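*Asks:* Below are the sequence and a predicted model for it; my questions follow.
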Amino acid sequence: DTGVSQNPRHKITKRGQNVTFRCDPISEHNRLYWYRQTLGQGPEFLTYFQNEAQLEKSRLLSDRFSAERPKGSFSTLEIQRTEQGDSAMYLCASSSFYEQYFGPGTRLTVT
Amino acid sequence: KNEVEQSPQNLTAQEGEFITINCSYSVGISALHWLQQHPGGGIVSLFMLSSGKKKHGRLIATINIQEKHSSLHITASHPRDSAVYICAVSQIQVTSGTYKYIFGTGTRLKVLA
């Protein structure tokens, strides 16, 4: 399957721990997006990469959040010192231009 | 007020019924997207529209650019159509070149056998 993949699918962590998620986009896509989705809500934009350059970050992305896309391929999203409010589904999407293709998401639970 | 509004928020239908989900938006867009999300999280793109009407199987999507409104119709609904249907609009951010989606909150559809 050559779709967008995300790992891990589920992560349970204790408050204060650091977590890292990975997204592997569709190989020919140069655009990569991270979104956060809480229960009963639509996804909210976090950040956007074009190739390896991070071109936009939402104000939702506090200093505890960092994202990278080395070499313009896979991307990682790290959350430091997790808080219970970080519990959500973290979605990755990639595109070549207009249409975005979504990964299955990583569900984070902070206890 | 959200930039993308959907109605209804929740919908229960009997198998075979004709279903309509509505989406209104208040911003300039490049395109409008209808997405389907099943429990477990994965989002699948159903339609991308910039004008008119598209049909795929039992699904029909329409958009009225002047009224900033779109509808998703499901004919002959089936329990396997049960999912969350999300309307999203895409727009280009001139300053960064970002092509970004803005999502509605979704319509939770349950089709009963």
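*Replies:* Nice, I can see it.
*Asks:* was I right about B:Gly52 contacting B:Asn64?
*Replies:* No: checked against C-beta atoms under 8 Å, the pair B:Gly52 and B:Asn64 is beyond contact range at 9.3 Å. All C-beta spots, glycine's among them, are computed from the backbone N, C-alpha and C.
*Asks:* okay, now A:Leu39: neighbour count?
*Replies:* Neighbour count for A:Leu39, taken as other C-beta atoms under 10 Å in any protein chain shown: 7.
*Asks:* so who does residue 54 touch?
*Replies:* Just going to use chain A. Contacts of A:Gln54 were listed using C-beta atoms under 8 Å, 6 or more residues apart in numbering or on different chains, and they are A:47-48, A:67-69.
*Asks:* Wait, chain B was what I had in mind.
*Replies:* B:Lys54 makes contact with B:47, B:60-61 under the criterion C-beta under 8 Å, 6+ apart.
*Asks:* that older thread, from the contacts of A:Gln54, which two are the most distant?
*Replies:* A:Tyr48 and A:Glu68 (13.0 Å; C-beta to C-beta).
*Asks:* what about these two, which has more around it?
*Replies:* Comparing A:Tyr48 with A:Glu68 by other C-beta under 10 Å, the one with more neighbours is A:Tyr48, at 24 against 13.
*Asks:* And the strands in the chain?
*Replies:* No chain in the question, so chain A it is. A:5-7, A:10-13, A:19-24, A:31-37, A:44-50, A:53-57, A:65-68, A:75-79, A:88-95, A:101-102, A:106-110 (DSSP state E).
*Asks:* wait, I meant chain B there
*Replies:* Under the criterion DSSP E, strands of chain B are mapped to B:4-7, B:10-14, B:19-25, B:31-37, B:43-49, B:52-56, B:59-64, B:69-74, B:83-92, B:99-103, B:107-112.
*Asks:* Perfect, that will be all.
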